[in-house]
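> pasting the structure only:
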Ligand code: GLP
């Protein structure tokens, strides 16, 4: 696992956008894994900026969402599929139908998990998966104690996650769905490159446990320790509880120029 500590989220966005550019340059029909939440927004803004500048095209790419709420009507602004439409898809040039989420399969949510896994497999697997981290260490919607071997399935949201996400529902906890469909931890581990972002002090404990704690379903993001190519990009606040901060800084500073993430 590579840990990169940057001063600000905007600096992380530049590095991650560089990784998208390198991938799409090499493989224009790459398969992308998209995350929601506030964390990836600086990255999506940077991708849109580069697209406007003519240096980045998603025209042949395909994308899979990490997760989706269960029970929000199609078109609801807080559906993750809508979030991606607003924050990324509208600003770049994905082909129609190129982006799909686990809630888009038009089937009973309990059956959608295996079908979604099959869609990812049929697309050739995910080349680059971007991830945020929950304050309790959750990854996608894999809540604490999620199986490290889990696949896409329905999960119940914890009270803490519903509380964290109530800000997107006018602060009204009752409006936050109780269930979701989420890629599993094993699904995420199948991606060829996973980049997890964490910003702010509220993520510092979760980042510490994910990176330096024991591998444990108590902190689902620690599953990334099993990933053959995982990169964690954090700002100074989110890195503030890491014991090996100096080591990560020295290692990153000593990387051969042009190697990328
Ligand atoms: C939600 C999403 C996660 C995300 C997390 C953190 O629970 N399902 O994918 O990582 O929120 O959100 P934020 O980035 O807004 O802190």
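Nice, thanks for sending it over. A quick note: this is a predicted structure, and the numbers were derived from the prediction, not measured. Numbering: from 1, shown residues only.
> Up against the ligand, what does this structure have?
Residues of the chain lying close to the ligand (C-beta under 6 Å from any ligand atom) are 35-39, 66-67, 132-134, 140-141, 161, 165. C-beta coordinates here come from the backbone N, C-alpha and C atoms, glycine included.
> at 8 Å what do you get?
Contact residues of the chain with respect to the ligand, defined by C-beta under 8 Å from any ligand atom, are listed as 35-40, 66-67, 80, 131-135, 138-141, 157, 161, 164-165, 180, 182, 197, 199-200, 202-203.
> Can you say which of the residues you listed are buried?
Neighbour counting over those (16 or more other C-beta atoms under 10 Å) leaves 35-37, 39-40, 66-67, 80, 131-135, 138-141, 157, 161, 164-165, 180, 182, 197, 199-200, 203 as the buried ones.
> in the host helix or strand of residue 45, what counts as buried?
Using DSSP states H and E, the secondary-structure element containing residue 45 is helix 41-52. Judged by neighbour count (16+ other C-beta under 10 Å), helix 41-52 contains these buried residues: 41, 42, 43, 44, 45, 46, 47, 48, 50, 51.
> Of those, which is the nearest to residue 225?
Nearest to residue 225 among the buried residues of helix 41-52, counting by C-beta to C-beta, is residue 43 at 22.7 Å.
> What residues does the closest one make contact with?
The neighbours of residue 43, taking C-beta atoms under 8 Å, 6 or more residues apart in numbering as the test, are 12, 13, 16, 17, 130, 197.
> One more: residue 134?
When contacts are counted by C-beta under 8 Å, 6+ apart, residue 134 touches 161, 164, 206, 221.
> Retrieve the pLDDT associated with the third one.
Right, the one you point to is residue 206. The model reports residue 206 with a pLDDT of 98.
> what do you get for the first one?
According to the prediction, residue 161 has pLDDT 88.
> Am I right that it sits in a strand?
No: the assignment for residue 161 (DSSP: H, G, I helix; E, B strand; the rest coil) gives helix, which keeps it out of a strand.
> I'd say it and residue 140 touch.
No: using C-beta atoms under 8 Å as the test, residue 161 is too far from residue 140 to be in contact (11.1 Å).
> Now stretch 240-260: buried residues?
Taking 16+ other C-beta under 10 Å as the basis for neighbour counts, the residues of stretch 240-260 that come out buried are 240, 241, 242, 248, 252.
> same thing with stretch 217-229?
By 16+ other C-beta under 10 Å, the buried positions in stretch 217-229 come out as 217, 219, 220, 221, 222, 223, 224, 225, 227.
> For the fifth one, give me its contacts.
Under the criterion of C-beta under 8 Å, 6+ apart, the neighbours of residue 222 are 137, 209, 210, 211, 213, 214, 215, 216.
> Can you classify it as helix, strand or coil?
Remark: residue 222 carries the secondary structure label helix [criterion: three-state DSSP].
> Buried residues, the helix or strand where residue 13 lies. List them.
In this structure, residue 13 sits in helix 9-26 according to DSSP H and E. The neighbour-count check on helix 9-26 (16+ other C-beta under 10 Å) flags 9, 12, 13, 15, 16, 17, 19, 20, 21, 23, 24 as buried.
> And the strands in the stretch 51-200 of the chain?
In the stretch 51-200 of the chain, the segments counted as strands under DSSP state E, counting those that start in this stretch are 62-65, 67-70, 99-100, 128-131, 153-156, 179-182, 193-198.
> quick one: contacts of the fourth one?
This means strand 128-131. Applying C-beta under 8 Å, 6+ apart, the contact partners of strand 128-131 are 16, 19-20, 23, 30, 32-35, 40, 43, 66, 139-140, 188, 191-197, 221, 224.
> just the first one next, same as before
Contacts of strand 62-65 with the rest of the structure, by C-beta under 8 Å, 6+ apart, involve 29-36, 80-81, 84, 94, 98-102, 116, 119-120, 123, 126, 183.
> of those residues, buried ones?
If you count burial by 16+ other C-beta under 10 Å, the buried members of the contacts of strand 62-65 come out as 30-36, 80-81, 84, 94, 98-102, 116, 119-120, 126, 183.
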